[in-house]
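**Q** I'll drop the sequence and a predicted model, then ask my questions.
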Protein chains: 2
Amino acid sequence: MSPRIGLDEQTLLRAAAELADEQGFEAVTLASLAQKLHVRSPSLYNHIEGLGALRAKLAFYSLSILYDDLAAAVEGLEGDEAVYALGAAYAAYARRHPGLYEATLRAPDRQENELERVSSEIVGLIVGVLRYYGLEGDAAIHATRGLRSILHGFSSIERSRGFGMALSVEVSQKLLISAFLAGIHVMKQEETGRPNPAAK
Amino acid sequence: MSPRIGLDEQTLLRAAAELADEQGFEAVTLASLAQKLHVRSPSLYNHIEGLGALRAKLAFYSLSILYDDLAAAVEGLEGDEAVYALGAAYAAYARRHPGLYEATLRAPDRQENELERVSSEIVGLIVGVLRYYGLEGDAAIHATRGLRSILHGFSSIERSRGFGMALSVEVSQKLLISAFLAGIHVMKQEETGRPNPAAK
DNA sequence: TTGCCAAAACTAATGGCATTAGTTATTATA
DNA sequence: TATAATAACTAATGCCATTAGTTTTGGCAA
């Protein structure tokens, strides 16, 4: 009927992303992708080196979009406002792209250099936002780990429908972040020569 | 050679758990499990209803152990001490049983009643620990969601080798929890008629 | 002790998947 | 217009889960 459809890697990734978000990450197979593109599955090997490579590139594709979303969200903001914006954008991404978000979690040990790089860039964005609080050395690393844990943990549980109660998840996330910020302020005070008797 | 080995579901689950922790959740297949048990894979169907059921029961098995670990850890403690103990036990479980921990994340939509129940029991444990802080209504739910997010998010990132820097993860987790507790105290104050001008 | 039967484990077969080898045919370009 | 690169194809292999149907065993009742 129509040989030479003109596929390329970008087309494959976009189609795979749709499959992931509509039917879940599990549904992304070479067979289903080939069907969606009206092609036989061996034809896909002309554009990508198998299922493993597809998944790795899908994770990269996903993290790239996430990075862009996060960067746009914090653009021009700083301090608490930037942290809240970052959290909202992160959660929104995971909600809008559940399958792509899952793809980032299934990434095969970031041996892949590309993956490594974009992951670092996202961490760098978080570090940049937290720089405002002037934490030194180890404290900055601990804080970054903490915020990453909060962002991922919250979205991950939300995605798996882990929050049963009918109560705003946006409010929950905002409160969690504000708790984190309260902790940052305490850390900061203790660092500056502890003029603070700390909590009981 | 030796027909009638005498398998049962518990034996299958224990072997599957070993496979998961030693070689990763992906490695748990009926084929690999059968090989480990010196049996042909169709024989497994005498004891479990296929791969899906095996995975679901493995998730249940995992959460049951996690529940026991957490319950033992908070036994006799309350307040901040209980929360720290809970966090340490949670992280220790995820470290000691990476494959089993992953199994809980891959659980097929907790349609399974058993799974639903043990998940609720774990949430109940967290609710119990947070009850000490006397939060009312929605605040209690938000706090529970927050602590769950922290525990899961941290362990999840640690498991995927997401924390690159050579800096104690135990300290990171403890600081994160202390930040959370600082936030709880602030929430509590605001709830009690706001004698607190809140952060800027 | 003997014989029976429930069920544990088996072999054989099916279908879906990823992957490889080798073929056809189209498109760009020389 | 002819050729070379390559997109897409068919055919075939091997692994996996699963089902059907068979063999064999071990406990239990007569």
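**A** Perfect, I can see it now. Numbering: from 1, shown residues only, chains lettered A, B, ... in the order given.
**Q** okay, now the unreliable bits of chain A?
**A** For chain A, the stretches flagged by pLDDT under 70 are A:1-3, A:110-112, A:192-200.
**Q** give me phi/psi at residue A:39?
**A** Dihedral pair for residue A:39: phi -150, psi 160, per degrees, to the nearest 10.
**Q** residues in contact with it?
**A** A:5, A:7 (Cβ atoms under 8 Å, 6 or more residues apart in numbering or on different chains). (C-beta placed from N, C-alpha, C; glycine too.)
**Q** wait, residue A:106 touches residue A:54, no?
**A** No. Between residue A:106 and residue A:54 there is no contact under Cβ atoms under 8 Å: 11.5 Å.
**Q** which of these two has more neighbours?
**A** residue A:54 (22 against 16; other Cβ atoms under 10 Å in any protein chain shown).
**Q** can you pull the contacts of the more buried one?
**A** Contacts of residue A:54 by Cβ under 8 Å, 6+ apart are A:12, A:16, A:28, A:30, A:33, A:44, A:48.
**Q** quick check: it vs DNA strand D, distance?
**A** Distance, residue A:54 to DNA strand D, by Cβ to the nearest atom of the strand, to the nearest Å: 15 Å.
**Q** mind checking how far that residue is from chain B?
**A** Distance, residue A:54 to chain B, by Cβ to the nearest Cβ, to the nearest Å: 16 Å.
**Q** what parts of chain A come near DNA strand C?
**A** A:3-4, A:29-32, A:41-42, A:45, A:50-52 (Cβ under 7 Å from any atom of the strand).
**Q** rebuild these as CSV, extending it with neighbour count and distance to DNA strand D.
**A** Shown next, in CSV, are those (neighbours: other Cβ atoms under 10 Å in any protein chain shown; distance: Cβ to the nearest atom of the strand, whole Å):
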residue, neighbour count, distance to DNA strand D
A:3, 6, 5
A:4, 5, 5
A:29, 14, 12
A:30, 19, 11
A:31, 11, 11
A:32, 16, 14
A:41, 15, 8
A:42, 9, 4
A:45, 11, 7
A:50, 11, 12
A:51, 15, 11
A:52, 10, 14
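**Q** helices - which of the residues you listed land there?
**A** A:30-32, A:51-52 (DSSP state H).
**Q** and the residues you listed, which two are the farthest apart?
**A** Using Cβ to Cβ, the pair of those lying farthest apart is A:32 and A:52, separated by 16.0 Å.
**Q** which residues are contacting stretch A:101-115?
**A** Contacts of stretch A:101-115 (Cβ under 8 Å, 6+ apart): A:20, A:24-25, A:28, A:52, A:55-56, A:58-63, A:66, A:93-94, A:116, A:119, A:155-156, A:159, B:156, B:160-161.
**Q** pull out the buried members of those residues.
**A** Taking 16 or more other Cβ atoms under 10 Å in any protein chain shown as the criterion, what is buried in these is A:20, A:25, A:28, A:55-56, A:58-63, A:66, A:93-94, A:119, A:155-156, A:159, B:156, B:160.
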